[in-house]
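**Student:** Structure for this input, please:
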Amino acid sequence: MKLAKITTRRRLYQRRLGSVLRVERNNYLLSACFFIFTLSTTVIHSQEVNQPFSSRDDAIKPVPVVDLPEDLGDRLEALFQNILLLEEEADAFDSRLGESYLAYGGLLTKAGRLDEARDMYAKALHLAKINNGVYSLEQRVILSSMFNLHDVDGDLEEMEAALGQILWLERKNPEITDNYSYDLLLRMGAAFIALYYERPRINEASLAKVQKAIRYLRLAVRKYPDIKLSETQPPYGDLALLHYISGQINRELGRVYQDHSKIRGFKEQETRQVILPSSNFVGKAAKELDLYLFKAREENSIEHMVRALRDKGDLFLLFDRFGDAAYFYEQAWKLAEQLDEDHELRKAFEEPTKLPDFNYSAARLSANTGDRTVFVPVNFDIHHNGRVRKVYTQNGTGPYPKLTARAKRVARATVFRPIIEDGKMVGAKDVTYDMKVRLRNSETLASVGDQASE
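**Tutor:** So this is what the prediction gives:
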(Lines give C-alpha, C1' and ligand atoms only; values in the text may rest on other atoms or scores of the structure.)
Protein backbone atom coordinates (compact mmCIF):
# COMPACT_ATOMS: atom_id res chain seq x y z
CA MET A 1 0.00 0.00 0.00
CA LYS A 2 2.83 2.41 0.89
CA LEU A 3 4.71 1.48 -2.27
CA ALA A 4 1.68 2.36 -4.43
CA LYS A 5 1.32 5.80 -2.75
CA ILE A 6 5.03 6.55 -3.25
CA THR A 7 4.81 5.59 -6.94
CA THR A 8 1.76 7.80 -7.46
CA ARG A 9 3.45 10.83 -5.79
CA ARG A 10 6.59 10.30 -7.89
CA ARG A 11 4.56 10.31 -11.10
CA LEU A 12 2.73 13.50 -10.10
CA TYR A 13 6.07 15.17 -9.28
CA GLN A 14 7.55 14.14 -12.64
CA ARG A 15 4.53 15.52 -14.49
CA ARG A 16 4.76 18.87 -12.68
CA LEU A 17 8.50 19.05 -13.27
CA GLY A 18 8.01 18.29 -16.97
CA SER A 19 5.41 21.04 -17.26
CA VAL A 20 7.72 23.57 -15.59
CA LEU A 21 10.61 22.62 -17.85
CA ARG A 22 8.44 22.93 -20.96
CA VAL A 23 7.23 26.38 -19.88
CA GLU A 24 10.80 27.56 -19.21
CA ARG A 25 11.92 26.21 -22.59
CA ASN A 26 9.08 28.02 -24.36
CA ASN A 27 9.88 31.27 -22.55
CA TYR A 28 13.51 30.95 -23.56
CA LEU A 29 12.58 30.42 -27.21
CA LEU A 30 10.24 33.41 -27.15
CA SER A 31 12.92 35.63 -25.61
CA ALA A 32 15.42 34.53 -28.25
CA CYS A 33 12.98 35.26 -31.08
CA PHE A 34 12.16 38.66 -29.62
CA PHE A 35 15.85 39.53 -29.35
CA ILE A 36 16.52 38.54 -32.95
CA PHE A 37 13.46 40.52 -34.17
CA THR A 38 14.50 43.61 -32.20
CA LEU A 39 18.03 43.45 -33.54
CA SER A 40 16.88 43.11 -37.15
CA THR A 41 14.32 45.92 -36.77
CA THR A 42 17.00 48.21 -35.32
CA VAL A 43 19.34 47.53 -38.21
CA ILE A 44 16.65 48.11 -40.81
CA HIS A 45 15.47 51.29 -39.08
CA SER A 46 19.01 52.66 -38.90
CA GLN A 47 19.45 52.00 -42.59
CA GLU A 48 16.21 53.83 -43.38
CA VAL A 49 17.11 56.80 -41.23
CA ASN A 50 20.60 57.14 -42.64
CA GLN A 51 19.41 56.77 -46.24
CA PRO A 52 18.38 60.19 -47.62
CA PHE A 53 15.66 60.74 -50.25
CA SER A 54 17.18 59.95 -53.58
CA SER A 55 14.68 62.12 -55.45
CA ARG A 56 11.54 64.23 -55.15
CA ASP A 57 9.43 61.16 -55.94
CA ASP A 58 10.54 59.56 -52.67
CA ALA A 59 9.27 62.55 -50.71
CA ILE A 60 5.77 63.37 -51.98
CA LYS A 61 5.55 61.52 -55.30
CA PRO A 62 3.99 64.28 -57.38
CA VAL A 63 2.25 63.63 -60.66
CA PRO A 64 4.09 65.27 -63.59
CA VAL A 65 2.71 68.66 -64.57
CA VAL A 66 1.07 68.17 -67.96
CA ASP A 67 -0.79 70.77 -70.02
CA LEU A 68 -0.88 73.31 -67.21
CA PRO A 69 -0.67 77.08 -67.60
CA GLU A 70 2.93 78.14 -67.37
CA ASP A 71 2.38 80.37 -64.33
CA LEU A 72 0.57 77.58 -62.44
CA GLY A 73 3.35 75.10 -63.15
CA ASP A 74 5.97 77.60 -61.99
CA ARG A 75 4.04 78.34 -58.80
CA LEU A 76 3.68 74.63 -58.06
CA GLU A 77 7.40 74.08 -58.48
CA ALA A 78 8.37 77.11 -56.39
CA LEU A 79 6.02 76.20 -53.54
CA PHE A 80 7.16 72.59 -53.61
CA GLN A 81 10.79 73.67 -53.26
CA ASN A 82 9.78 75.93 -50.37
CA ILE A 83 8.09 72.97 -48.62
CA LEU A 84 11.22 70.85 -49.02
CA LEU A 85 13.32 73.65 -47.53
CA LEU A 86 10.97 74.10 -44.56
CA GLU A 87 10.84 70.37 -43.90
CA GLU A 88 14.62 70.32 -43.77
CA GLU A 89 15.34 73.48 -41.77
CA ALA A 90 12.21 74.40 -39.77
CA ASP A 91 10.62 72.67 -36.82
CA ALA A 92 8.35 69.74 -37.68
CA PHE A 93 5.35 71.63 -36.29
CA ASP A 94 6.19 75.06 -37.70
CA SER A 95 3.03 76.98 -38.59
CA ARG A 96 4.67 78.16 -41.82
CA LEU A 97 4.82 74.55 -42.92
CA GLY A 98 1.08 74.16 -42.38
CA GLU A 99 0.39 77.32 -44.39
CA SER A 100 2.58 76.01 -47.20
CA TYR A 101 0.76 72.67 -47.20
CA LEU A 102 -2.57 74.51 -47.48
CA ALA A 103 -1.39 76.76 -50.31
CA TYR A 104 0.18 73.84 -52.16
CA GLY A 105 -3.05 71.85 -51.80
CA GLY A 106 -4.97 74.71 -53.40
CA LEU A 107 -2.63 74.79 -56.40
CA LEU A 108 -2.79 71.01 -56.75
CA THR A 109 -6.58 71.22 -56.80
CA LYS A 110 -6.44 73.75 -59.63
CA ALA A 111 -4.04 71.43 -61.46
CA GLY A 112 -6.46 68.51 -61.10
CA ARG A 113 -4.08 66.50 -58.89
CA LEU A 114 -6.76 65.82 -56.30
CA ASP A 115 -5.18 62.89 -54.46
CA GLU A 116 -2.04 64.91 -53.73
CA ALA A 117 -4.13 67.91 -52.72
CA ARG A 118 -6.06 65.73 -50.29
CA ASP A 119 -2.79 64.63 -48.66
CA MET A 120 -1.57 68.23 -48.34
CA TYR A 121 -4.83 69.33 -46.69
CA ALA A 122 -4.61 66.41 -44.26
CA LYS A 123 -1.09 67.50 -43.24
CA ALA A 124 -2.17 71.12 -42.88
CA LEU A 125 -5.15 70.10 -40.73
CA HIS A 126 -2.92 67.95 -38.50
CA LEU A 127 -0.53 70.86 -37.88
CA ALA A 128 -3.41 73.25 -37.22
CA LYS A 129 -4.73 70.96 -34.48
CA ILE A 130 -1.28 70.71 -32.89
CA ASN A 131 -0.46 74.43 -33.04
CA ASN A 132 -3.89 75.93 -32.35
CA GLY A 133 -5.81 73.23 -30.50
CA VAL A 134 -8.37 70.59 -31.38
CA TYR A 135 -11.26 73.09 -31.16
CA SER A 136 -9.49 75.93 -32.99
CA LEU A 137 -11.45 77.87 -35.60
CA GLU A 138 -8.32 78.14 -37.73
CA GLN A 139 -9.19 74.66 -38.98
CA ARG A 140 -12.23 76.01 -40.82
CA VAL A 141 -10.14 77.44 -43.66
CA ILE A 142 -8.53 74.04 -44.27
CA LEU A 143 -11.82 72.16 -43.93
CA SER A 144 -13.55 74.51 -46.37
CA SER A 145 -10.71 73.87 -48.84
CA MET A 146 -11.31 70.15 -48.39
CA PHE A 147 -15.02 70.80 -48.95
CA ASN A 148 -14.21 72.53 -52.25
CA LEU A 149 -11.91 69.68 -53.24
CA HIS A 150 -14.61 67.06 -52.67
CA ASP A 151 -17.08 69.29 -54.51
CA VAL A 152 -14.81 69.21 -57.55
CA ASP A 153 -14.47 65.45 -57.14
CA GLY A 154 -18.24 65.03 -56.78
CA ASP A 155 -17.91 63.19 -53.46
CA LEU A 156 -20.96 64.32 -51.47
CA GLU A 157 -20.19 62.01 -48.56
CA GLU A 158 -16.80 63.65 -47.97
CA MET A 159 -18.35 67.09 -48.47
CA GLU A 160 -20.77 66.29 -45.68
CA ALA A 161 -17.89 65.10 -43.48
CA ALA A 162 -15.90 68.33 -43.97
CA LEU A 163 -18.97 70.49 -43.38
CA GLY A 164 -19.86 68.45 -40.32
CA GLN A 165 -16.44 69.15 -38.80
CA ILE A 166 -16.85 72.88 -39.44
CA LEU A 167 -20.26 72.91 -37.75
CA TRP A 168 -18.84 70.90 -34.84
CA LEU A 169 -16.03 73.44 -34.36
CA GLU A 170 -18.55 76.28 -34.39
CA ARG A 171 -20.62 74.53 -31.73
CA LYS A 172 -17.47 74.26 -29.62
CA ASN A 173 -16.96 78.02 -30.02
CA PRO A 174 -20.43 79.50 -29.36
CA GLU A 175 -19.02 83.01 -29.04
CA ILE A 176 -18.45 83.39 -32.79
CA THR A 177 -20.97 85.52 -34.71
CA ASP A 178 -19.73 85.30 -38.32
CA ASN A 179 -21.58 83.70 -41.24
CA TYR A 180 -18.74 81.41 -42.25
CA SER A 181 -20.71 78.21 -42.87
CA TYR A 182 -23.78 79.86 -44.42
CA ASP A 183 -22.67 79.53 -48.06
CA LEU A 184 -21.36 76.01 -47.40
CA LEU A 185 -24.78 74.94 -46.10
CA LEU A 186 -26.47 76.41 -49.19
CA ARG A 187 -24.03 74.64 -51.49
CA MET A 188 -24.56 71.34 -49.69
CA GLY A 189 -28.31 71.65 -50.07
CA ALA A 190 -27.97 72.64 -53.74
CA ALA A 191 -25.73 69.63 -54.34
CA PHE A 192 -28.44 67.25 -53.11
CA ILE A 193 -31.06 69.04 -55.21
CA ALA A 194 -28.86 68.56 -58.26
CA LEU A 195 -28.31 64.92 -57.31
CA TYR A 196 -32.06 64.38 -57.18
CA TYR A 197 -32.59 66.00 -60.59
CA GLU A 198 -29.97 63.78 -62.18
CA ARG A 199 -32.39 60.87 -61.83
CA PRO A 200 -35.76 62.09 -60.52
CA ARG A 201 -37.61 58.95 -59.52
CA ILE A 202 -40.58 58.10 -57.33
CA ASN A 203 -38.78 56.01 -54.72
CA GLU A 204 -37.33 56.14 -51.23
CA ALA A 205 -33.83 56.92 -52.52
CA SER A 206 -35.04 60.12 -54.22
CA LEU A 207 -36.97 61.07 -51.10
CA ALA A 208 -33.81 60.65 -49.01
CA LYS A 209 -31.92 63.08 -51.27
CA VAL A 210 -34.69 65.66 -50.97
CA GLN A 211 -34.81 65.29 -47.20
CA LYS A 212 -31.05 65.79 -46.93
CA ALA A 213 -31.32 68.98 -48.97
CA ILE A 214 -34.10 70.20 -46.65
CA ARG A 215 -31.95 69.41 -43.63
CA TYR A 216 -29.03 71.58 -44.74
CA LEU A 217 -31.11 74.48 -46.05
CA ARG A 218 -33.28 74.55 -42.93
CA LEU A 219 -30.12 74.60 -40.84
CA ALA A 220 -28.87 77.60 -42.83
CA VAL A 221 -32.11 79.48 -42.11
CA ARG A 222 -32.19 78.49 -38.43
CA LYS A 223 -28.50 79.11 -37.78
CA TYR A 224 -28.44 82.51 -39.49
CA PRO A 225 -31.86 84.14 -38.93
CA ASP A 226 -30.43 87.67 -39.18
CA ILE A 227 -29.19 87.37 -42.78
CA LYS A 228 -30.40 90.46 -44.65
CA LEU A 229 -32.20 90.16 -47.96
CA SER A 230 -30.11 93.06 -49.18
CA GLU A 231 -26.97 90.98 -48.61
CA THR A 232 -28.04 87.56 -49.88
CA GLN A 233 -31.16 85.55 -50.68
CA PRO A 234 -32.03 82.98 -48.01
CA PRO A 235 -33.20 79.57 -49.31
CA TYR A 236 -36.93 80.03 -48.73
CA GLY A 237 -37.78 79.30 -52.36
CA ASP A 238 -35.50 76.26 -52.39
CA LEU A 239 -37.28 74.86 -49.34
CA ALA A 240 -40.70 75.48 -50.89
CA LEU A 241 -39.55 73.55 -53.97
CA LEU A 242 -38.28 70.65 -51.85
CA HIS A 243 -41.51 70.39 -49.86
CA TYR A 244 -43.44 70.35 -53.14
CA ILE A 245 -41.22 67.53 -54.45
CA SER A 246 -41.62 65.64 -51.16
CA GLY A 247 -45.37 65.93 -51.47
CA GLN A 248 -45.33 64.58 -55.01
CA ILE A 249 -43.07 61.64 -54.11
CA ASN A 250 -45.02 60.73 -50.98
CA ARG A 251 -48.32 60.90 -52.83
CA GLU A 252 -47.13 58.57 -55.57
CA LEU A 253 -45.43 56.24 -53.08
CA GLY A 254 -48.63 56.09 -51.11
CA ARG A 255 -50.50 54.97 -54.21
CA VAL A 256 -47.86 52.37 -54.99
CA TYR A 257 -47.89 50.92 -51.48
CA GLN A 258 -51.67 50.92 -51.39
CA ASP A 259 -51.73 48.96 -54.64
CA HIS A 260 -49.11 46.53 -53.33
CA SER A 261 -51.08 45.96 -50.15
CA LYS A 262 -53.92 44.50 -52.23
CA ILE A 263 -51.62 41.86 -53.73
CA ARG A 264 -52.07 38.46 -52.15
CA GLY A 265 -49.11 37.49 -49.99
CA PHE A 266 -47.75 41.05 -49.68
CA LYS A 267 -46.26 41.48 -46.21
CA GLU A 268 -48.10 43.96 -44.03
CA GLN A 269 -44.89 45.48 -42.64
CA GLU A 270 -43.80 46.39 -46.17
CA THR A 271 -46.69 48.83 -46.60
CA ARG A 272 -46.40 52.47 -45.56
CA GLN A 273 -48.29 52.84 -42.31
CA VAL A 274 -48.96 56.56 -42.78
CA ILE A 275 -49.65 58.21 -46.13
CA LEU A 276 -49.22 61.93 -45.60
CA PRO A 277 -51.80 64.15 -47.34
CA SER A 278 -50.67 66.90 -49.69
CA SER A 279 -51.94 69.53 -47.25
CA ASN A 280 -49.09 68.58 -44.93
CA PHE A 281 -46.49 69.51 -47.54
CA VAL A 282 -48.24 72.60 -48.85
CA GLY A 283 -48.39 73.80 -45.25
CA LYS A 284 -44.65 73.29 -44.77
CA ALA A 285 -43.85 75.05 -48.04
CA ALA A 286 -46.22 77.92 -47.23
CA LYS A 287 -44.54 78.34 -43.85
CA GLU A 288 -41.16 78.85 -45.53
CA LEU A 289 -42.62 81.46 -47.88
CA ASP A 290 -44.37 83.16 -44.94
CA LEU A 291 -40.96 83.59 -43.32
CA TYR A 292 -39.71 85.10 -46.59
CA LEU A 293 -42.68 87.49 -46.72
CA PHE A 294 -42.21 88.47 -43.06
CA LYS A 295 -38.54 89.28 -43.62
CA ALA A 296 -39.36 91.26 -46.77
CA ARG A 297 -41.92 93.35 -44.87
CA GLU A 298 -39.49 93.79 -41.99
CA GLU A 299 -36.91 95.23 -44.40
CA ASN A 300 -39.60 97.12 -46.35
CA SER A 301 -38.47 95.62 -49.66
CA ILE A 302 -41.21 95.90 -52.30
CA GLU A 303 -39.35 93.61 -54.72
CA HIS A 304 -38.99 90.80 -52.22
CA MET A 305 -42.60 91.18 -51.07
CA VAL A 306 -43.74 90.78 -54.68
CA ARG A 307 -41.57 87.70 -55.10
CA ALA A 308 -42.79 86.14 -51.86
CA LEU A 309 -46.47 86.71 -52.73
CA ARG A 310 -45.95 85.48 -56.28
CA ASP A 311 -44.20 82.36 -54.94
CA LYS A 312 -47.15 81.66 -52.67
CA GLY A 313 -49.48 81.94 -55.65
CA ASP A 314 -47.27 79.47 -57.55
CA LEU A 315 -47.27 77.08 -54.60
CA PHE A 316 -51.05 76.97 -54.26
CA LEU A 317 -51.46 76.62 -58.03
CA LEU A 318 -49.14 73.60 -58.00
CA PHE A 319 -51.31 72.00 -55.32
CA ASP A 320 -54.56 72.79 -57.24
CA ARG A 321 -55.77 75.41 -54.78
CA PHE A 322 -56.87 77.88 -57.41
CA GLY A 323 -58.74 80.31 -55.12
CA ASP A 324 -55.70 80.80 -52.87
CA ALA A 325 -53.43 81.14 -55.91
CA ALA A 326 -55.64 83.85 -57.42
CA TYR A 327 -55.62 85.78 -54.13
CA PHE A 328 -51.83 85.88 -53.79
CA TYR A 329 -51.30 86.67 -57.47
CA GLU A 330 -53.59 89.65 -57.07
CA GLN A 331 -51.73 90.85 -53.97
CA ALA A 332 -48.40 90.49 -55.79
CA TRP A 333 -49.74 92.43 -58.78
CA LYS A 334 -50.92 95.33 -56.61
CA LEU A 335 -47.51 95.67 -55.01
CA ALA A 336 -45.74 95.33 -58.37
CA GLU A 337 -47.62 98.39 -59.63
CA GLN A 338 -45.41 100.45 -57.31
CA LEU A 339 -42.36 99.40 -59.35
CA ASP A 340 -41.22 100.88 -62.65
CA GLU A 341 -43.10 99.78 -65.75
CA ASP A 342 -40.02 98.15 -67.25
CA HIS A 343 -39.12 96.30 -64.04
CA GLU A 344 -38.44 92.59 -64.54
CA LEU A 345 -41.06 91.58 -61.99
CA ARG A 346 -43.80 93.43 -63.86
CA LYS A 347 -42.69 92.04 -67.20
CA ALA A 348 -42.69 88.51 -65.77
CA PHE A 349 -46.47 88.75 -65.31
CA GLU A 350 -46.95 89.39 -69.05
CA GLU A 351 -46.11 85.86 -70.19
CA PRO A 352 -46.75 82.35 -68.84
CA THR A 353 -43.97 80.71 -66.83
CA LYS A 354 -43.31 77.03 -66.29
CA LEU A 355 -43.60 76.00 -62.64
CA PRO A 356 -42.08 75.48 -60.18
CA ASP A 357 -40.17 78.74 -60.49
CA PHE A 358 -39.61 79.97 -56.95
CA ASN A 359 -37.14 82.67 -56.00
CA TYR A 360 -34.15 80.48 -55.17
CA SER A 361 -31.23 81.40 -52.97
CA ALA A 362 -28.80 81.15 -55.88
CA ALA A 363 -28.60 79.64 -59.33
CA ARG A 364 -29.14 75.99 -58.55
CA LEU A 365 -26.54 73.54 -59.79
CA SER A 366 -27.41 72.16 -63.20
CA ALA A 367 -28.11 68.45 -63.15
CA ASN A 368 -25.45 66.30 -64.76
CA THR A 369 -27.67 64.58 -67.32
CA GLY A 370 -25.05 64.50 -70.09
CA ASP A 371 -26.67 63.87 -73.48
CA ARG A 372 -29.61 61.96 -72.02
CA THR A 373 -31.93 64.99 -72.02
CA VAL A 374 -33.51 66.61 -75.09
CA PHE A 375 -35.65 69.74 -75.40
CA VAL A 376 -38.58 69.22 -77.76
CA PRO A 377 -40.72 72.23 -78.86
CA VAL A 378 -44.47 71.83 -78.28
CA ASN A 379 -47.22 74.27 -79.25
CA PHE A 380 -50.35 74.55 -77.05
CA ASP A 381 -52.88 76.77 -75.26
CA ILE A 382 -52.77 77.48 -71.52
CA HIS A 383 -55.95 77.76 -69.47
CA HIS A 384 -56.25 80.48 -66.85
CA ASN A 385 -55.78 77.81 -64.16
CA GLY A 386 -52.26 77.13 -65.50
CA ARG A 387 -53.01 73.79 -67.18
CA VAL A 388 -52.33 72.98 -70.80
CA ARG A 389 -55.71 72.98 -72.53
CA LYS A 390 -55.09 72.11 -76.16
CA VAL A 391 -51.97 70.84 -77.93
CA TYR A 392 -51.45 71.70 -81.59
CA THR A 393 -48.19 69.89 -82.25
CA GLN A 394 -48.69 66.72 -84.29
CA ASN A 395 -46.97 63.44 -83.51
CA GLY A 396 -43.93 62.64 -85.61
CA THR A 397 -43.08 66.28 -86.33
CA GLY A 398 -40.37 68.68 -85.22
CA PRO A 399 -36.63 68.15 -84.77
CA TYR A 400 -37.19 64.95 -82.75
CA PRO A 401 -40.16 63.16 -84.36
CA LYS A 402 -39.93 60.06 -82.19
CA LEU A 403 -40.10 62.14 -79.01
CA THR A 404 -43.04 64.36 -79.94
CA ALA A 405 -45.71 62.17 -78.33
CA ARG A 406 -43.66 61.93 -75.16
CA ALA A 407 -43.07 65.70 -75.10
CA LYS A 408 -46.83 66.29 -75.44
CA ARG A 409 -47.47 64.09 -72.39
CA VAL A 410 -44.89 66.09 -70.48
CA ALA A 411 -46.61 69.34 -71.53
CA ARG A 412 -50.03 68.14 -70.35
CA ALA A 413 -48.54 67.22 -66.97
CA THR A 414 -46.82 70.61 -66.58
CA VAL A 415 -48.27 73.53 -64.59
CA PHE A 416 -47.72 77.09 -65.81
CA ARG A 417 -48.15 80.40 -64.08
CA PRO A 418 -50.70 82.07 -66.38
CA ILE A 419 -50.55 85.66 -67.52
CA ILE A 420 -51.43 88.04 -64.67
CA GLU A 421 -53.34 90.98 -66.09
CA ASP A 422 -54.76 93.62 -63.75
CA GLY A 423 -54.32 91.11 -60.94
CA LYS A 424 -56.37 88.42 -62.71
CA MET A 425 -55.23 85.03 -64.00
CA VAL A 426 -55.55 85.02 -67.79
CA GLY A 427 -54.95 82.15 -70.18
CA ALA A 428 -52.62 82.24 -73.20
CA LYS A 429 -53.03 80.89 -76.72
CA ASP A 430 -50.55 79.51 -79.23
CA VAL A 431 -47.66 79.15 -76.78
CA THR A 432 -44.52 77.29 -77.87
CA TYR A 433 -42.36 75.87 -75.14
CA ASP A 434 -39.38 73.52 -75.15
CA MET A 435 -40.34 70.52 -73.05
CA LYS A 436 -37.53 68.48 -71.48
CA VAL A 437 -37.61 64.79 -72.40
CA ARG A 438 -35.22 62.20 -71.04
CA LEU A 439 -33.89 59.63 -73.48
CA ARG A 440 -34.29 55.96 -72.70
CA ASN A 441 -31.22 53.79 -72.30
CA SER A 442 -31.67 52.31 -75.78
CA GLU A 443 -32.07 55.73 -77.45
CA THR A 444 -29.53 58.16 -78.88
CA LEU A 445 -29.85 61.63 -80.37
CA ALA A 446 -29.29 60.16 -83.82
CA SER A 447 -32.02 57.56 -83.39
CA VAL A 448 -34.72 60.08 -82.39
CA GLY A 449 -33.80 63.03 -84.67
CA ASP A 450 -34.86 64.11 -88.15
CA GLN A 451 -32.43 61.79 -89.92
CA ALA A 452 -33.86 58.78 -88.09
CA SER A 453 -37.38 59.58 -89.35
CA GLU A 454 -36.18 59.80 -92.92
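**Student:** element containing residue 285, please.
**Tutor:** Residue 285 belongs to helix 278-298 when elements are defined using DSSP states H and E.
**Student:** One more: residue 399?
**Tutor:** Per DSSP H and E: nothing holds residue 399, as it lies in no helix or strand.
**Student:** Test my guess that it contacts residue 375.
**Tutor:** No. Using Cβ atoms under 8 Å, residue 399 is not in contact with residue 375, being 9.2 Å away. C-betas here are computed from N, CA, C, even on glycine.
**Student:** rewinding a little: the inter-axis angle of whichever helix or strand comes after the helix holding residue 285 versus helix 278-298?
**Tutor:** Of the helices and strands lying after helix 278-298 in sequence (DSSP H and E), the nearest is helix 302-318. Interaxial angle, helix 302-318 versus helix 278-298 (axes from the mean of the first three to the mean of the last three Cα atoms, to 10 degrees): 170 degrees.
**Student:** gap between helix 302-318 and the chain center?
**Tutor:** 26 Å (Cα atoms, centre = their mean, to the nearest Å).
**Student:** So what touches that helix?
**Tutor:** With contact meaning Cβ atoms under 8 Å, 6 or more residues apart in numbering, helix 302-318 is reached by 229, 236-237, 240, 244, 282, 285-286, 289-290, 292-293, 295-297, 322, 324-329, 331-332, 335-336, 338-339, 345, 355-359, 385-386, 415, 417.
**Student:** what about that helix, average pLDDT?
**Tutor:** Across helix 302-318, pLDDT averages out at 97.
**Student:** ok so, going back, got the contact list for the helix holding residue 285?
**Tutor:** Outside helix 278-298, the residues within contact range by Cβ under 8 Å, 6+ apart are 221, 229, 234, 236-237, 239-240, 243-244, 246-247, 250-251, 304-305, 307-309, 311-312, 315-316, 319, 321, 359.
**Student:** What of stretch 438-454?
**Tutor:** With Cβ under 8 Å, 6+ apart as the criterion, stretch 438-454 contacts 369, 371, 372, 373, 374, 396, 399, 400, 401, 402, 403.
**Student:** tell me the helices in the stretch 201-350 of the chain, going along the chain?
**Tutor:** 204-223, 236-261, 278-298, 302-318, 322-336, 344-348 (DSSP state H, counting those that start in this stretch).
**Student:** Just name the most buried of those helices.
**Tutor:** Across the helices of the stretch 201-350 of the chain, averaging neighbours per residue (mean count of other Cβ atoms under 10 Å) puts helix 302-318 on top, at a mean of 24.
**Student:** would you list the helices of the stretch 201-350 of the chain in a markdown table and tack on distance to residue 140?
**Tutor:** Listed next are the helices of the stretch 201-350 of the chain as a markdown table, based on distance: least, Cβ to Cβ, whole Å:
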| stretch | distance to residue 140 |
| --- | --- |
| helix 204-223 | 14 |
| helix 236-261 | 24 |
| helix 278-298 | 27 |
| helix 302-318 | 30 |
| helix 322-336 | 40 |
| helix 344-348 | 37 |
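**Student:** picking up where we left off before, give me the subset of the contacts of stretch 438-454 lying in strands.
**Tutor:** 373, 374 (DSSP state E).
**Student:** which of the contacts of stretch 438-454 sit farthest apart?
**Tutor:** Using Cβ to Cβ, those span at most 24.7 Å, a distance reached by 369 and 396.
**Student:** Looking at those two, which has the bigger crowd around it?
**Tutor:** residue 369 (14 against 11; other Cβ atoms under 10 Å).
**Student:** For the most centrally placed residue in the chain, give me the pLDDT.
**Tutor:** Geometric centre of the chain, nearest residue: residue 191, 3.0 Å, by Cα atoms, centre = their mean. Residue 191 is assigned a predicted lDDT (pLDDT) of 94.
**Student:** Could you list the low-confidence segments of the chain?
**Tutor:** For the chain, the stretches flagged by pLDDT under 70 are 1-70, 255-279, 363-371, 450-454.
**Student:** How is it divided into domains?
**Tutor:** The chain breaks down into these domains under automatic domain parsing: 70-173, 181-364, 373-453.
**Student:** picking up where we left off before, for the helix holding residue 285, what is the distance to the chain centroid?
**Tutor:** On Cα atoms, centre = their mean, the centre of helix 278-298 falls 24 Å from that of its chain.
**Student:** same deal with stretch 430-450?
**Tutor:** 28 Å.
**Student:** In it, which residues are buried?
**Tutor:** 431, 433, 435, 437, 439, 443, 448, 449 (16 or more other Cβ atoms under 10 Å).
**Student:** which phi and psi does the fifth one have?
**Tutor:** If I follow you right, that is residue 439. Phi and psi for residue 439, reported as degrees, to the nearest 10, are phi -70, psi 150.
**Student:** related to what we said a few turns ago, can you tell which of the helices of the stretch 201-350 of the chain is closest to residue 132?
**Tutor:** It's helix 204-223; of the helices of the stretch 201-350 of the chain, that one is closest to residue 132 (Cβ to Cβ) at 23.3 Å.
**Student:** Can you name the residues in contact with the closest one?
**Tutor:** When contacts are defined by Cβ under 8 Å, 6+ apart, helix 204-223 is touched by residues 181-182, 185-186, 188-190, 192-193, 195-196, 199-200, 234-236, 238-239, 242-243, 245-246, 249-250, 253, 288, 291, 361.
**Student:** hmm, 6 Å instead?
**Tutor:** For helix 204-223, contacts defined as Cβ atoms under 6 Å, 6 or more residues apart in numbering pick out 182, 185-186, 188-189, 192-193, 195-196, 234-235, 238-239, 242, 245-246, 249.
**Student:** cool, stretch 157-177 as well?
**Tutor:** For stretch 157-177, contacts defined as Cβ under 6 Å, 6+ apart pick out 135, 137, 140, 143, 146, 147, 150, 151, 181, 184, 188.
**Student:** Next, the buried residues of that stretch.
**Tutor:** Applying 16+ other Cβ under 10 Å to stretch 157-177 flags 158, 159, 160, 162, 163, 165, 166, 167, 169, 170 as buried.
**Student:** now stretch 79-91
**Tutor:** In terms of neighbour count (16+ other Cβ under 10 Å), stretch 79-91 has its buried residues at 79, 80, 83, 86.
**Student:** try stretch 130-140
**Tutor:** Buried residues in stretch 130-140, counted by 16+ other Cβ under 10 Å: 137, 139, 140.
**Student:** Equivalent analysis for stretch 98-107, please.
**Tutor:** 98, 100, 101, 102, 103, 104, 105, 106, 107.
**Student:** mind giving me TSV with the residues you listed and columns for distance to residue 72?
**Tutor:** Conversion of those to TSV gives the following (distance: Cβ to Cβ, whole Å):
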residue	distance to residue 72
98	22
100	16
101	18
102	17
103	13
104	12
105	14
106	11
107	7
